[in-house]
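> Fold the following.
(2 chains)
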Protein chains: 2
Amino acid sequence: MSKAKRQMHLNLFLIPAGHHEGAWRHPNTDVSQLMDFDYFLRLAQKAEDAKFDSLFMADRYSVSKKAVAYNGMLGLEPLTLLSALAVATNRIGLIATVSTSFNEPFNVARRFASIDHLSKGRAGWNIITSGTDVEAQNFNFDEIPEHAERYERAKEFVDVTTGLWDSWEDDALVLDQHEGIYADSSKVHELNHRGQHFSVRGPLNVPRSPQGRPVLVQAGSSEDGRHFAAHVAEAIFTAQQTLSDAQAFYSDVKARAAQYGRNPEQVKILPGICPIIGETESIAKEKEANLHELANPHYSLLQLSNRIGFDLTSYPLDGPLPDLPVSEQTRGHQSRTRLITDLAQRENLTLRQLLLRLAGGRGHRTIAGTVKQVTDELEAWFTEGAADGFNIMPQLMNDGLDEFIDLVVPELRRRGLFRKEYAGSTLRDHYELPYPANSFVKAPQSQRAVR
Amino acid sequence: MSKAKRQMHLNLFLIPAGHHEGAWRHPNTDVSQLMDFDYFLRLAQKAEDAKFDSLFMADRYSVSKKAVAYNGMLGLEPLTLLSALAVATNRIGLIATVSTSFNEPFNVARRFASIDHLSKGRAGWNIITSGTDVEAQNFNFDEIPEHAERYERAKEFVDVTTGLWDSWEDDALVLDQHEGIYADSSKVHELNHRGQHFSVRGPLNVPRSPQGRPVLVQAGSSEDGRHFAAHVAEAIFTAQQTLSDAQAFYSDVKARAAQYGRNPEQVKILPGICPIIGETESIAKEKEANLHELANPHYSLLQLSNRIGFDLTSYPLDGPLPDLPVSEQTRGHQSRTRLITDLAQRENLTLRQLLLRLAGGRGHRTIAGTVKQVTDELEAWFTEGAADGFNIMPQLMNDGLDEFIDLVVPELRRRGLFRKEYAGSTLRDHYELPYPANSFVKAPQSQRAVR
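Model (predicted):
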């Protein structure tokens, strides 16, 4: 059998109205639907029919009283919605964001194992450390713990979680009704973890799930973040504005993964892309301009301030982005802040112009153009060492997703870049990731077929 | 309109194979299904078709390596399964257990509000404090905090959670697309809670949910537990072995609720009942004996030891229940322990006999008899001041639930004790509970119609 052509991975980044800050105000958006399951179900089924690898939900642990005047981006808690979508879909992966700073590993291991069972092997965890004081203030802190400490906790958190997923060997469940043997106790393990942040005895109270371990996803781009991602992540979401930046990130993370003894092919790098599609480039640009009209600069400024950890609300909109001080809060957002300051400098943008550049994707790359232009750029990033696939961020959730799927996906297929059918049934299958070895099993698992 | 006859509330207590310890070994149990959504969906739909008020899932935060040899009672994490059932059912309430000792109020408030949105007003939270060292050891403790301290934390936890649910007023969402007003900030409130156990700023990042607040359920029967339940619970699950004990509990909790200024009718008391139905009483007793045959005394002894917080595994099965010492662990289970020691003394049971009396319902009342006998007893408890309804605990999940619904429910209806149709669409409607006032709203809400 000849080696199949390398295939792109596509993830749908779910968000209520769309990724553009003005999406909720667009006349095609029915705001009465944005908390409804049926609304998300249609999106999920559209993506599944198109053979997307996965659905993804980001998460924040706070909302600002000021910002909700203009826009909420409010929605259901990710694992709640994805648990429901798990039983209403059949093949598409389900990736939820959960913070290691405001949760306990036993609960997180259990919830993801439960969704992995419920979905028959389609769960993924996007690991975040959360970086804002306003979130920390909902969890007994006055300020967010410092960056390095959050990553230390995250590392230990993931160690404990994967240990708990391993605490049941694959064949520990016996279920012999006649003899009354439920499980083979010798294949069920206490973890007895005692670390700096956690003491967890185990075993987990959920048997090993279909994927062995749900897929680990990460999005950190700072030095600590890359180090962590290259160590543990099987897929990485990232914000990149230019091909050359994306290439540098891609090769850096792949090289780090190799340094840590991992197979770089088992770390999928998926930059976020905000596609805006028009019959001509100018129609696409006009669509973008129309969305920009619906964005509120007061809201945008609150969002940017929150994103970079520095209050910009007293700066004139038609002046430049000021020099940003370095503080614990800004360090918490260092990579996104660098991307944003680089963008403002490179294109010599006023604050108002910068806000519009960020309104569609919060720093992710917007491609506004024809089907050919969008497809060309995805192909270039994919074939020129910048991406293993993309995190698709429709500007308007309904129309934008439909346009991408109805117009760009067929063109990607025509070029042989994206699957026509699912080859397997789990998220690991879609991402071409191996079934994980169990840390409690001494013998080599070389006989075990990679699923 | 004449006043309708008082109606019984019925809750289905979901558990994988059935409530009897031997259920998983029964030939009618397909053990391969016990982690499958479709299995639970059938049960949920059966209960919904029968117009049950609610589904309920208990929870424990550990499993013992020793005990899983004989029986797991393992399953999906409750909120995960109930999130999925929320979108696959239409009317039945969904009550999940979550511990206040191993979670954070912001996360819990958010998850229940999300399920309340997803289910359009059918969520309920069974508040537990968790009482075992083995659970605490999965959450960084060496031992479980002492009983009174757990209840202190629980009380503050519930205060914060209800405050977060209230942080969005009913009409805070404006969603004016034309003017770009998403919410009325003056109706979105920071909580700024600073207490002994929690500091939580708020607001919650989920708008007020259909029920205003999900229904609060509790099951504590100790002095601290009754105090707490009478203060906050809108429904109470309880284990009672005799009519007179159940009457004493019922009148005590209702009186306490009245003392605390609450309307006792808004505290529904639902004892657990394990029905075993036969064409004759002796056929029912034989069914029970057959299930007892499938229970393993080693497992039963581990379960009982865990339940009362004292290791009984070295005591002879054919001797009496020994005197139990008082320790922090046993205090953590004081009411159930008292019920069990009372039962052993009243009926002069050996340890082996006691284990069988507990194998079906862990201390909840078993009624093995004809349809008439079971119905008579439910009617007596309901009409003689012992219950507002029942938490139904089928011994075999499939057969036992079907028998109860197909045989006892019609007889309850014939006697005018149980609804033929749902009168409303939310769990508050089913339990005849008022829509809660919002603590942030100063003006009296007397105009607001009770839903």
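> Under a three-state scheme, what state does the residue of the stretch 351-451 of chain A at minimum distance from chain B occupy?
When scored by Cβ to the nearest Cβ, the stretch 351-451 of chain A has A:Phe440 as its residue closest to chain B, at 12.1 Å. Every residue, glycine included, has its C-beta placed from N, CA and C. Following DSSP: H, G, I helix; E, B strand; the rest coil, the label given to A:Phe440 is coil.
> For B:Asp399, see how far away it is.
The gap separating A:Phe440 from B:Asp399 is 38 Å, by Cβ to Cβ, to the nearest Å.
> before we move on, the earlier item: so the residue of the stretch 351-451 of chain A closest to chain B sits against A:Glu169, correct?
Yes: counting by Cβ atoms under 8 Å, A:Phe440 does reach A:Glu169; the two are 6.4 Å apart.
> Between these two, which contacts overlap?
With contacts taken as Cβ atoms under 8 Å, 6 or more residues apart in numbering or on different chains, the residues that reach both A:Phe440 and A:Glu169 are A:His189.
> Could you pull up the residues touching A:Asp176?
By Cβ under 8 Å, 6+ apart, the contact list for A:Asp176 reads A:Tyr182.
> what bridges to it?
On the basis of DSSP bridges, A:Asp176 is bridged to A:Ile181.
> Enumerate the residues of the stretch 251-400 of chain A near chain B.
Residues of the stretch 251-400 of chain A that fall close to chain B, judged by Cβ under 8 Å from any Cβ of the partner chain: A:Leu294, A:Asn296.
> What's the biggest helix in chain A, counting residues?
For chain A, the helix that runs over the most residues, judged by DSSP state H, is helix A:147-166.
> And it, what's buried?
For helix A:147-166, the neighbour count (16 or more other Cβ atoms under 10 Å in any protein chain shown) marks A:147, A:150-166 as buried.
> so what's the residue of the stretch 351-451 of chain A closest to chain B closest to, chain neighbours aside?
Among residues not flanking A:Phe440 along the chain, A:His189 sits closest, at 4.7 Å (Cβ to Cβ, 6 or more residues apart in numbering or on different chains).
> burial measure for the one you found, as a count.
22 (other Cβ atoms under 10 Å in any protein chain shown).
> Any idea which helix or strand in chain A has the lowest mean pLDDT?
helix A:328-331 (a mean of 62; mean pLDDT, DSSP states H and E).
> could you point out which element follows that one?
Per DSSP states H and E, the first helix or strand lying C-terminal to helix A:328-331 is helix A:334-346.
> how distant is the helix or strand following that next one from the center of its chain?
Once the chain leaves helix A:334-346, the next helix or strand it forms, by DSSP H and E, is helix A:351-359. Distance, stretch centre to chain centre, for helix A:351-359: 23 Å (Cα atoms, centre = their mean, to the nearest Å).
> what is the orientation angle of helix A:351-359 with helix A:334-346?
130 degrees (axes from the mean of the first three to the mean of the last three Cα atoms, to 10 degrees).
> Can you give me the buried ones in helix A:351-359?
Those would be A:Leu351, A:Gln353, A:Leu354, A:Leu355, A:Leu356, A:Arg357, A:Leu358, A:Ala359, for helix A:351-359 by 16+ other Cβ under 10 Å.
> Take these and lay them out in TSV including distance to A:Gly385 and pLDDT.
Below are those laid out as TSV (distance: Cβ to Cβ, whole Å; pLDDT from 0 to 100):
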residue	distance to A:Gly385	pLDDT
A:Leu351	34	95
A:Gln353	31	94
A:Leu354	28	95
A:Leu355	32	94
A:Leu356	30	94
A:Arg357	25	93
A:Leu358	26	93
A:Ala359	29	93
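> Can I get these in JSON lines including distance to A:Val408?
Formatted as JSON lines, the buried residues of helix A:351-359 follow (distance: Cβ to Cβ, whole Å):
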{"residue": "A:Leu351", "distance to A:Val408": "32"}
{"residue": "A:Gln353", "distance to A:Val408": "27"}
{"residue": "A:Leu354", "distance to A:Val408": "27"}
{"residue": "A:Leu355", "distance to A:Val408": "27"}
{"residue": "A:Leu356", "distance to A:Val408": "24"}
{"residue": "A:Arg357", "distance to A:Val408": "22"}
{"residue": "A:Leu358", "distance to A:Val408": "23"}
{"residue": "A:Ala359", "distance to A:Val408": "22"}
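> of these, closest to B:Gly385?
A:Ala359 (63.3 Å; Cβ to Cβ).
> Could you report the neighbour count for A:Arg42?
16.
> Can you get me a residue count around A:His231?
What A:His231 shows, counting by other Cβ under 10 Å, is a neighbour count of 18.
> I'd assumed A:Ala258 was in contact with it.
No: contact between A:His231 and A:Ala258 fails when scored by Cβ under 8 Å: they sit 12.0 Å apart.
> ok, now how distant is the closest residue to A:Ala386 other than its chain neighbours from A:Asp388?
Leaving out its chain neighbours, the residue that sits closest to A:Ala386 by Cβ to Cβ, 6+ apart is A:Ala246, at 3.7 Å. Distance from A:Ala246 to A:Asp388, counting by Cβ to Cβ: 11 Å.
> same question, A:Leu355
31 Å.
> show me the contacts for A:Val98.
A:Asp59, A:Pro78, A:Leu79, A:Val108, A:Arg111, A:Phe112, A:Trp125, A:Asn126, A:Ile127, A:Ile128.
> how about a cut-off of 6 Å?
Counting by Cβ atoms under 6 Å, 6 or more residues apart in numbering or on different chains, A:Val98 touches A:Val108.
> pLDDT wise, what is it at?
Listed pLDDT for A:Val98 reads 98.
> does it sit in a helix, a strand or a coil?
Under three-state DSSP, A:Val98 falls in the strand class.
> Could you tell me which ranges of chain A sit under the pLDDT cut-off?
Applying pLDDT under 70 to chain A flags the ranges A:1-3, A:327-332, A:443-451.
> got the phi/psi numbers for A:Ile276?
phi -130, psi 120 (degrees, to the nearest 10).
> Skipping its backbone neighbours, what lies nearest it in space?
Nearest residue to A:Ile276, sequence neighbours excluded (Cβ to Cβ, 6+ apart): A:Ala368, at 4.0 Å.
> what helix or strand is that neighbour on?
In the assignment (DSSP H and E), A:Ala368 maps to strand A:365-369.
> by contact count, what packs against that strand?
strand A:268-277, helix A:281-294 (3 or more Cβ pairs under 6 Å, 6 or more residues apart in numbering or on different chains; DSSP states H and E).
> Tell me what angle the helix or strand following that strand forms with strand A:365-369.
Following strand A:365-369 in sequence order, the next helix or strand is helix A:371-383 (DSSP H and E). When the same axes, to 10 degrees is applied, the directions of helix A:371-383 and strand A:365-369 differ by 150 degrees.
> For chain B, see how far away A:Ala148 is.
Counting by Cβ to the nearest Cβ, to the nearest Å, the separation of A:Ala148 from chain B is 21 Å.
> hang on, I meant A:Pro210
Distance of A:Pro210 to chain B, computed by Cβ to the nearest Cβ: 10 Å.
> Excluding residues flanking it in the chain, which one is nearest that residue?
By the measure of Cβ to Cβ, 6+ apart, the closest residue to A:Pro210 outside its immediate chain neighbours is A:Gly121, 3.3 Å from it.
> My reading is that the one you found lies in a helix. Confirm?
No: per three-state DSSP, A:Gly121 lies outside any helix segment and is coil.
> who's in contact with it?
By Cβ under 6 Å, 6+ apart, the neighbours of A:Gly121 are A:Pro210, A:Gln211, A:Thr426.
> At the contact with chain B, which residues of the stretch 1-150 of chain A appear?
Listed as neighbours of chain B in the stretch 1-150 of chain A under the rule Cβ under 6 Å from any Cβ of the partner chain: A:25, A:31, A:35, A:37, A:63, A:65, A:68-72, A:76-77, A:80, A:83-84, A:87, A:104, A:106, A:110-111, A:114-115, A:117-118, A:137-140.
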